[in-house]
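Chemist: Pasted the sequence and its predicted model underneath.
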2 protein chains.
Amino acid sequence: MNISVNYSGDYNQLLTSELESKLKAIHKGIHTKSAEGAEYLGWVDWPSTINQEFLEDIKETAKHIRSTSDVLVVIGIGGSYLGSKAVIEALSTPFKKQTDLEVIFAGHLVSGEYLKELITYLDNKEVTLNIISKSGTTTEPAIAFRFLQQYMEKRYGDQATSRIFVTTDEEKGALRSLAIEKGYRRFVVPGNIGGRYSVFTAVGLLPIAAAGYDIEKLINGAKIAEQEFGVFDTKSNSAIQYAVIRNHLYNTGYPVEIMATFDEKLTYVQEWWKQLFGESEGKEGKGIFPASVLYSTDLHSLGQYIQDGKRMLFESFLMVKSVPSDLMVFEAENNGDELNYLSGLSLHEFNMACHEATATAHLDGGVPQLTITIEQLDEQHIGHLLYFYMMACAFSSYLLDINPFDQPGVEDYKTNIFKILKKPGY
Amino acid sequence: MNISVNYSGDYNQLLTSELESKLKAIHKGIHTKSAEGAEYLGWVDWPSTINQEFLEDIKETAKHIRSTSDVLVVIGIGGSYLGSKAVIEALSTPFKKQTDLEVIFAGHLVSGEYLKELITYLDNKEVTLNIISKSGTTTEPAIAFRFLQQYMEKRYGDQATSRIFVTTDEEKGALRSLAIEKGYRRFVVPGNIGGRYSVFTAVGLLPIAAAGYDIEKLINGAKIAEQEFGVFDTKSNSAIQYAVIRNHLYNTGYPVEIMATFDEKLTYVQEWWKQLFGESEGKEGKGIFPASVLYSTDLHSLGQYIQDGKRMLFESFLMVKSVPSDLMVFEAENNGDELNYLSGLSLHEFNMACHEATATAHLDGGVPQLTITIEQLDEQHIGHLLYFYMMACAFSSYLLDINPFDQPGVEDYKTNIFKILKKPGY
């Protein structure tokens, strides 16, 4: 189980002794938890030190939710929702079976129309809520929860208590107090893991398990990644490779990274990746702007710009080697569509050919190319992949001399909105 | 019914006499159809010259499809699908009624899993197909059509013919020949309108009407826009204003435009906009890179980068003044979530405050701000808005001395993929 990083340039040439030293220091800082922002390095050895009892508890809770509910409404925003959404979408089939437990997200947007219609939609279904917020006072999820909590109490009366699960800080915060007062079951957002690094904690695991996916395998993939990327070897550690290459490109005139995939199921892995890298690196006037495209549809859209537009882009493909199910182009009696020359080609092979055609053409057009390849979309490989990106992001940020774990701009926004809305004390 | 463009800088100062002359020449070139790429300027007076019989025909066909089908599968890619998808999503409610005709898109992606599951999903529903492709040989939709046409023939036998609608070139192409041979009902992609400017032709109108929306009102909005933006007045023509401002920002160090909205229903208007501008402008090493965010969710994600990352971004908000349905924050007995200070505030007002907080903070952070405001999301205002963007895009491209109507990079890709797959003749 490997993640390969393929680069259109010469990676080895980038590894000056100065850079090797810097990477070694970063590696040490991460693994001895002495780097800047060290108080948020809890994610690094989380997979290998995860408490088995905690995992069993999540699995039991998920089983209970699945046996009593048709819908789990997950209320969260940013890092409190993108991780589980990314994993669930990557593992779901395009047209979901109606009998499965449905996970619906709320609280990431503020919309009366959405909430009203959601409540109507819930009316003939059995419902459980999971509110995820470290402080409980982030405005968007708090608003959604106020309405949905009221709905649950009206509908289920005293039984609402057993249908509301709270994932929040262990020791403090408004949501914690509320949960204790109401008697809601609590799960913990670890204090030493920030939102965008929290997919392997209860934040991600409860919704993922409730959706029916195997969180043991997910964590196992992350654990393998923890071991793999814990080894300091700039020739074989693909998280370091990815960080070094993108940092080099950034420093040589390519401030925009386009992550490209051929699989629609990876759309939210792309959104999660944008938050991870954008929010970790985008500080002090620095950082790569993360954008995403979905091929081949966007080859008939942004593809033109990527091929011929302003030269400041590099492209990183996220490719999956094998697909769960495929079709083969068949010979048609009438070749009116001129496709018979493709007879016997599988649609996955078509996409692989597309990747080759695109990467070659974009490189010719002045867009440096990276390809990250994983074997398949299952729990273990996704766990491995997400940990890979988190580790690469830490390296990448430290290479820019940026603390990957704060988000002063987001905190400013949270404060600004309190001021404009005249929250007492602001 | 106006589209206002609000800019954080001084617009009037940008209007040098040199620029006024250039704009006047561009305006003349567009409206006398003498500008570069003139053979694709058919969209300019399309709304005012649209054939009423044609509109009636589309409406009758849509009515027939609605009365005989549960699902319309639309097969297209790029400009053959983004326009109708954008309009349908903008007008749909978040949780759709199960009884409405469902429009499902295929052919924008190549995926065996998707096609297989789509076919299973269709099995207990009545189905109509609409394949949209000018030539009929664009590979992705052609592949999807080969499978779905086979499915329809197996399932409906001779009756399949009356359930397949083809939107293609009037005079030539593989799909036209196939349609004639099979006896499929045909609609026309006008020869003088390119894919990304085709939303008001049969390409967009048939799926939009089949989804149950009022295409007369949509066209009426476009017609009002055609009149409004046909007047050369740099002080009041907001399409010119938008083009001038973004061109100025591009020339002064802001090559990335982030289109921001607070309404999830506008996500595909953003995708349509990215194709429109990216594919029109992104040539000869020039053009603004179009990216998009959805607030307030992305304020807890890319918001950090926008606030503090590398300074090369400007932001253009697309705001909608009024919403179809709203909720008001209510006073809670228990103020554990600390939200009582918002009592009486509607969720739409919350988003407006968010916009104010965000625009102010991002401007302070060095991100020039534009706000485009429309009244509401209905057919007429969307028709008006899409025409506004098309006209602004033409001006914007000509200001860069770029022909807005070709796409050499996309054509290269189409040829490349034929070569790699060894299509006879390539």
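Modeler: Yep, that arrived.
Chemist: Show me the shaky parts of the stretch 1-150 of chain A.
Modeler: By pLDDT under 70, the low-scoring segments of the stretch 1-150 of chain A are A:1, A:97-99.
Chemist: Could I get the full set of helices for it?
Modeler: For the stretch 1-150 of chain A, the helices defined by DSSP state H, counting those that start in this stretch cover A:11-14, A:17-31, A:46-49, A:52-68, A:82-91, A:112-122, A:139-156.
Chemist: same check, this time on the stretch 151-300 of chain A
Modeler: A:174-182, A:202-210, A:215-230, A:238-251, A:267-281.
Chemist: can you check the stretch 301-426 of chain A too?
Modeler: Using DSSP H, counting those that start in this stretch, the helices found in the stretch 301-426 of chain A span residues A:303-308, A:347-364, A:379-399, A:408-420.
Chemist: Deepest-packed of those, please.
Modeler: Highest mean neighbour count among the helices of the stretch 301-426 of chain A (mean count of other Cβ atoms under 10 Å in any protein chain shown): helix A:303-308, with a mean of 27. No exception for glycine: its C-beta is placed from N, CA and C like everyone else's.
Chemist: Dump the helices of the stretch 151-300 of chain A to TSV, plus mean neighbour count.
Modeler: Shown next, in TSV, are those (neighbours: other Cβ atoms under 10 Å in any protein chain shown):
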stretch	mean neighbour count
helix A:174-182	18
helix A:202-210	27
helix A:215-230	20
helix A:238-251	22
helix A:267-281	24
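Chemist: ranking these by mean pLDDT, which is last?
Modeler: Looking at the helices of the stretch 151-300 of chain A, the lowest mean pLDDT belongs to helix A:174-182 (a mean of 93).
Chemist: which helices and strands sit right next to that helix?
Modeler: strand A:164-169, strand A:185-189 (3 or more Cβ pairs under 8 Å, 6 or more residues apart in numbering or on different chains; DSSP states H and E).
Chemist: give the contact list for the residue nearest to residue A:265 when sequence neighbours are not counted.
Modeler: Nearest in space to residue A:265, with sequence neighbours left out and distances taken as Cβ to Cβ, 6 or more residues apart in numbering or on different chains, is residue A:90 at 5.1 Å. Residue A:90 makes contacts with A:265-266, A:268-269, A:377, A:382, as judged by Cβ atoms under 8 Å, 6 or more residues apart in numbering or on different chains.
Chemist: Looking at those, which two lie furthest apart in space?
Modeler: Across these, no pair lies farther apart than A:268 and A:377, at 12.3 Å, counting by Cβ to Cβ.
Chemist: rewinding a little: give me the distance between the residue nearest to residue A:265 and chain B.
Modeler: Counting by Cβ to the nearest Cβ, to the nearest Å, the gap from residue A:90 to chain B is 13 Å.
Chemist: Tell me how far the closest residue in space to residue A:45 that isn't next to it in sequence lies from chain B.
Modeler: Ranked by Cβ to Cβ, 6+ apart and with sequence neighbours excluded, the top spatial neighbour of residue A:45 is residue A:226, at 6.5 Å. Noted for residue A:226: a distance of 25 Å to chain B, by Cβ to the nearest Cβ.
Chemist: how about stretch A:114-122, does it reach chain B?
Modeler: Yes: residues of stretch A:114-122 contacting chain B under Cβ under 8 Å from any Cβ of the partner chain: A:114-118, A:120-121.
Chemist: Save those residues as CSV, and put in neighbour count too.
Modeler: Below are these laid out as CSV (neighbours: other Cβ under 10 Å):
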residue, neighbour count
A:114, 21
A:115, 23
A:116, 18
A:117, 17
A:118, 23
A:120, 11
A:121, 16
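Chemist: just to revisit the earlier point, mind putting the helices of the stretch 151-300 of chain A into a markdown table with distance to residue A:96?
Modeler: Below are those laid out as a markdown table (distance: least, Cβ to Cβ, whole Å):
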| stretch | distance to residue A:96 |
| --- | --- |
| helix A:174-182 | 30 |
| helix A:202-210 | 14 |
| helix A:215-230 | 19 |
| helix A:238-251 | 32 |
| helix A:267-281 | 15 |
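Chemist: so which of those comes closest to residue B:149?
Modeler: Comparing the helices of the stretch 151-300 of chain A by Cβ to Cβ, helix A:267-281 comes nearest, at 27.9 Å.
Chemist: tell me the angle of that closest one relative to helix A:82-91?
Modeler: 150 degrees (axes from the mean of the first three to the mean of the last three Cα atoms, to 10 degrees).
Chemist: Counting by contacts, list what helix A:267-281 packs against.
Modeler: Using 3+ Cβ pairs under 8 Å, 6+ apart as the contact test, the elements touching helix A:267-281 are helix A:82-91, strand A:256-261, strand A:289-294, helix A:379-399, helix B:303-308.
Chemist: Including distance to residue A:341, could those go into JSON lines?
Modeler: Output for the helices and strands packed on helix A:267-281, formatted as JSON lines (distance: least, Cβ to Cβ, whole Å):
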{"stretch": "helix A:82-91", "distance to residue A:341": "33"}
{"stretch": "strand A:256-261", "distance to residue A:341": "26"}
{"stretch": "strand A:289-294", "distance to residue A:341": "26"}
{"stretch": "helix A:379-399", "distance to residue A:341": "33"}
{"stretch": "helix B:303-308", "distance to residue A:341": "45"}
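Chemist: so which of the ones you listed gets nearest residue B:161?
Modeler: Checking the helices and strands packed on helix A:267-281 against residue B:161 by Cβ to Cβ gives strand A:289-294 as the closest, at 33.4 Å.
Chemist: at contact distance from chain B, anything in the closest one?
Modeler: Yes: shown here: strand A:289-294 in contact with chain B (Cβ under 8 Å from any Cβ) through A:289-291, A:294.
Chemist: Give me the mean pLDDT for that strand.
Modeler: What strand A:289-294 shows for mean pLDDT is 97.
Chemist: Return the set of buried residues in it.
Modeler: A:289-294 (16 or more other Cβ atoms under 10 Å in any protein chain shown).
Chemist: Relative to it, what are the paired strands and their orientations?
Modeler: Strand pairing for strand A:289-294, using DSSP bridges, gives strand A:256-261 (parallel).
Chemist: List the contacts of the strand it pairs with.
Modeler: For strand A:256-261, the external contacting residues (Cβ under 8 Å, 6+ apart) are A:246, A:249, A:267, A:269-270, A:273-274, A:277, A:288-295, A:298, A:302, A:306, A:312-319, A:358, B:256, B:289.
Chemist: List the buried residues for that strand?
Modeler: Buried residues in strand A:256-261, counted by 16+ other Cβ under 10 Å: A:256-261.
Chemist: quick one: the longest strand along chain A near chain B?
Modeler: The longest strand of chain A (DSSP state E) is strand A:313-320. Yes: for strand A:313-320, a contact with chain B is found by Cβ under 8 Å from any Cβ, at residue A:313.
Chemist: if I look at residue A:7, how far off is residue A:245?
Modeler: 5 Å (Cβ to Cβ, to the nearest Å).
Chemist: what do you get for residue A:386?
Modeler: With the distance defined as Cβ to Cβ, residue A:386 ends up 19 Å from residue A:245.
Chemist: Repeat that for residue A:259.
Modeler: For residue A:259, the distance to residue A:245 - Cβ to Cβ - is 14 Å.
Chemist: for residue A:334, same thing?
Modeler: Taken as Cβ to Cβ, the span from residue A:334 to residue A:245 is 48 Å.
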